[in-house]
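Colleague: this is the structure alone, sequence omitted:
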């Protein structure tokens, strides 16, 4: 099952839409309360540094679905590195069109990155995986055309890179300080 990481979920409007998309994944016999908690435990991950926005998000989800959230991977933390350094695996779904700059900043223990086999991702932008010291292998999907500046800089364990067949541009320092 797909997983979604929302690095700054604000008041939760995007999280609510994600929950709606996942609702049909779970069997109809499961009560809505349990479905929402399963989705927030198994499928949706997020960090919000602003405590007020974090609680507003929880309130908006509870009001939208008339539930009480008992379990979730929604984190309120003003120190994103403290939370993000726990991430060891990321999966980018089919609809992801680009990996934004600095997406994985602070994910110092990231080991595995996976893309949906039919991903729409065409760009892995500047500094996207900078400092992911434990990332060992990356398979660039066929749809990717551009690998950004310093994209994998300081990924000291990165020793296996498989390029997709459509990579056209690799910017300067994309793989600086990686294992040879």
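Modeller: Nice, thanks for sending it over. Here the structure is a predicted model, which means the values were calculated and not measured.
Colleague: count of neighbours near residue 131?
Modeller: Residues lying near residue 131 (other CB atoms under 10 Å) number 19. All C-beta spots, glycine's among them, are computed from the backbone N, C-alpha and C.
Colleague: and it, what is it in contact with?
Modeller: Neighbouring residues of residue 131 by CB atoms under 8 Å, 6 or more residues apart in numbering: 105-106, 108, 153-155.
Colleague: rerun at 10 Å
Modeller: With contact taken as CB atoms under 10 Å, 6 or more residues apart in numbering, residue 131 is in contact with 102, 104-108, 110, 152-156, 177.
Colleague: buried ones among these?
Modeller: With neighbours counted using 16 or more other CB atoms under 10 Å, the contacts of residue 131 contain these buried positions: 104-108, 110, 152-153, 155.
Colleague: need the pLDDT of the closest residue to residue 55 other than its chain neighbours.
Modeller: Excluding the flanking residues, the one nearest residue 55 by CB to CB, 6 or more residues apart in numbering is residue 76, at 7.7 Å. Turning to residue 76, the model gives it a pLDDT of 79.
Colleague: roughly how far apart are residue 76 and residue 12?
Modeller: Distance of residue 76 to residue 12, given as CB to CB, to the nearest Å: 12 Å.
Colleague: which neighbours do these two share?
Modeller: In contact with both residue 76 and residue 12: 46, 48, 53-54, 57-58, using CB under 10 Å, 6+ apart.
Colleague: what's the first helix or strand after the lowest-mean-pLDDT helix or strand in the chain?
Modeller: Ranked by mean pLDDT, DSSP states H and E, the weakest helix or strand in the chain is helix 80-84, scoring a mean of 59. The first helix or strand that comes after helix 80-84 along the chain, using DSSP states H and E, is strand 89-92.
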